[in-house]
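Peer 1: For reference, the sequence and a predicted model appear below.
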Amino acid sequence: MKSRAIVAIDGPAGAGKSTVARMLAKRLGYLYIDTGAMYRALTLKALERKIDLEDEGAVTGLAEETEILLVPQDGTEIRVYCDGRDVTSAIREPEVSRQVSRVAKVPGVRARMVELQRRMAERGGIVMDGRDIGSYVLPGADYKFFLTASLEERTRRRWQELRDRGIHTDFEQLKKEMAARDAMDSRRPVAPLIKAPGALEIDTSNLEPEEVVEIILKHMEEGR
Ligand SMILES: Nc1ncnc2c1ncn2[C@@H]1O[C@H](COP(=O)(O)OP(=O)(O)OP(=O)(O)O)[C@@H](O)[C@H]1O
Ligand SMILES: Nc1ccn([C@@H]2O[C@H](COP(=O)(O)O)[C@@H](O)[C@H]2O)c(=O)n1
């Protein structure tokens, strides 16, 4: 296995990317970078500033004046700071999830975020998850994975995750919202959600996170 490798993990909402990426980073002693959290932080700021999300100029301008920091804690937990404010919890609110894809599809936003993400990966030894990591942000990544799961299972996971946080949502409404987010992520012209060439696809529908990590580690050990 390559030392200080770059590992890219992509996939749709609720496929288990963050869970697996965090566990994998811990096993490897790597830094975990949650690119979704970056788009979520900007979206939260845009919503709070009541920016018109259809105004690409305004959203791009906001991205350019916003400082987003991902600060590793013990292990691989990450605190997310936007302009110095800890937004780790706030970025997971349902309204941010409902709107983030509208912000993320703005070309100026992506250009800014991708520049930051590539800089974070320069020294290697990272696990980066998102939608476009293996296909666009880090096309030279040493290992690429694409996690999937059925929409039903991904919705069940997200529904349970929200419930565990005391947020009660209608399952069918949540399912519609997740499908809509997947569609917007997949159809945007710039860096859509796709499986990167050469990526190993893993359907996690009937796998525990630990099993997914073992599949990934085995592939990495066999690969180099
Ligand atoms: N293999 C799995 N089996 C069951 N539950 C899982 C599995 N992987 C993750 N989960 C749970 O599903 C929820 C969503 O997982 P996670 O946040 O890792 O998904 P994600 O792909 O990063 O989603 P998003 O892109 O929307 O952030 C979490 O509550 C997590 O604990
Ligand atoms: N590399 C990425 C990562 C995320 N996005 C957008 O952010 C949304 C939230 O991502 P989560 O992983 O936190 O769910 C996602 O739905 C995308 O719209 C992106 O565009 N590129």
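Peer 2: In hand now; what should we look at? Ligands and ions are numbered 1, 2, ... in the order given.
Peer 1: and residue 174, how many neighbours?
Peer 2: The criterion is other CB atoms under 10 Å. On that basis, residue 174 has 19 neighbouring residues. C-beta: built from backbone N, CA, C; applies to glycine.
Peer 1: wait, what's in contact with it?
Peer 2: Shown in contact with residue 174 (CB atoms under 8 Å, 6 or more residues apart in numbering): 155, 158-159, 162.
Peer 1: so where's the chain uncertain?
Peer 2: Scanning the chain for pLDDT under 70 picks out the ranges 75-76, 224.
Peer 1: Enumerate the residues of it near ligand 2.
Peer 2: When proximity is defined as CB under 6 Å from any ligand atom, the chain approaches ligand 2 at 13, 35-37, 39-40, 100-101, 104, 130-133, 181, 185.
Peer 1: just those that are near ligand 1?
Peer 2: Among these, the ones lying close to ligand 1 by the criterion of CB under 6 Å from any ligand atom are 13, 36.
Peer 1: Of the residues of the chain next to ligand 2, which pair is most distant in space?
Peer 2: Greatest spacing in the residues of the chain next to ligand 2, by CB to CB: 133 and 181 (17.3 Å).
Peer 1: neighbour count winner among these two?
Peer 2: Neighbour count, other CB under 10 Å: between residue 133 and residue 181, residue 133 has more, with 31 against 21.
Peer 1: from memory that one sits against residue 7, does it?
Peer 2: No: with contact taken as CB atoms under 8 Å, residue 133 and residue 7 are classed as non-touching, separated by 9.0 Å.
Peer 1: How about residue 29: what's its closest non-neighbour residue?
Peer 2: Closest residue to residue 29 in three dimensions, ignoring its sequence neighbours and counting by CB to CB, 6 or more residues apart in numbering: residue 125, at 7.6 Å.
Peer 1: who touches residue 3 in this structure?
Peer 2: When contacts are counted by CB under 8 Å, 6+ apart, residue 3 is found next to residue 125.
Peer 1: now it: how far from residue 132?
Peer 2: When CB to CB, to the nearest Å is the yardstick, residue 3 and residue 132 sit 26 Å from each other.
Peer 1: Where is the longest helix in the chain?
Peer 2: helix 171-187 (DSSP state H).
Peer 1: in its sheet, what does the helix or strand just after it sit against?
Peer 2: Toward the C-terminus, helix 171-187 is succeeded by strand 200-203 as the next helix or strand (DSSP states H and E). According to DSSP bridges, the neighbouring strands of strand 200-203, each with its direction, are strand 143-148 (parallel).
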